[in-house]
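> Kindly generate the corresponding structure for this input.
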Amino acid sequence: MRIIYLGHSCFLVETGSHKLLIDPFISGNELATVSADSIECDFILLSHGHDDHTLDALPIAKRCGATIIAAFELAEYLGAQGAKVHDMNPGGAHEFPFGRLKLTHAIHSSSTGGGLKPVYLGQPCGLLLKADGKTIYHAGDTALFSDMQLIGRGGIDLAMLPIGDNYTMGIDDAVEALGFLKPALAVPMHYNTFPPIQVDPARFESAAATAGFHARVMAIGETIEI
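Here you go, the predicted structure:
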């Protein structure tokens, strides 16, 4: 299984037979190294409705014929705009052609727009993916919560965790999350894209090592295999 980091919280996961795009925010990310128009995928997995996780979901889904998988309200919102969707909710799992996906709890919010008329888009989620004999946990945007211990049962090969603070866990809480999840490898995300989430990801890497865990900072555009 190949995992390509596309910046912010966006990853392209390539299984033996499918390409899964998670939280596509590319055209609005000045740090992105690829064009949203160049990405091919079969499925798009969304953790919640904020624009920095969904901005390119609809155009990519329509161009590729990809199915968007998201919490009910978010899926219905994008489906009403012409996307193929599969709606779910936290705690639910489903067997897809690529493997099994379960939506987990996340402590955050989910909407689009702002001002006096934001559009509510359901529960924020984490994504627990089992495919090709591997288990990946994309935490989405979340605070630290003790039930991460439940998510880690059965083993996690790769955990993608937000570290940018302000809107999500910061580095210290993300390291504490490792103690609950116990992943074989952790990759930080959701940092340095905007001024309020500027942190040094190397500090997460070193703090994780001190706590007895393996973390790796991925450069935007970098690929790893698990």
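> Start and end of stretch 72-85, how far apart?
This stretch, stretch 72-85, spans 10 Å end to end (CA to CA, to the nearest Å).
> buried residues in it?
In terms of neighbour count (16 or more other CB atoms under 10 Å), stretch 72-85 has its buried residues at 72-75, 77-79, 83, 85. C-betas here are computed from N, CA, C, even on glycine.
> ok, residue 66 - contacts?
21, 41-44, 60, 84 (CB atoms under 8 Å, 6 or more residues apart in numbering).
> Put the buried members of those residues into a ChimeraX selection.
Applied in ChimeraX, the following selects the buried portion of the contacts of residue 66 according to 16+ other CB under 10 Å:
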select :21,41,42,43,44,60
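> Now, the contacts of residue 66 that are in helices?
In helices, judged by DSSP state H, the following of the contacts of residue 66 are found: residue 60.
> Restricted to strands, list the contacts of residue 66.
Those of those mapping onto strands are 21, 43-44, 84, per DSSP state E.
> Compile the residues you listed into CSV and extend it with columns for pLDDT and distance to residue 175.
Listed next are the ones in strands among the contacts of residue 66 as CSV, based on pLDDT from 0 to 100; distance: CB to CB, whole Å:
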residue, pLDDT, distance to residue 175
21, 99, 28
43, 99, 31
44, 99, 30
84, 98, 39
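> Reformat those residues into JSON lines and put distance to residue 171 next to each item.
Listed next are the ones in strands among the contacts of residue 66 as JSON lines, based on distance: CB to CB, whole Å:
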{"residue": "21", "distance to residue 171": "27"}
{"residue": "43", "distance to residue 171": "31"}
{"residue": "44", "distance to residue 171": "29"}
{"residue": "84", "distance to residue 171": "38"}
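> most distant residue from the middle of the chain?
With CA atoms, centre = their mean as the measure, the chain has its most outlying C-alpha, relative to the mean C-alpha position, at residue 116: 27.8 Å.
> What are the phi and psi values at it?
The phi and psi torsions at residue 116 (degrees, to the nearest 10) take the values phi -80, psi -10.
> again, but for residue 205
phi -60, psi -50.
> The nearest residue to it once chain neighbours are set aside bridge partners, please.
The spatially closest residue to residue 205, leaving aside those adjacent along the chain, is residue 215, at 4.7 Å (CB to CB, 6 or more residues apart in numbering). Per DSSP bridges, the residues bridged to residue 215 are residue 186.
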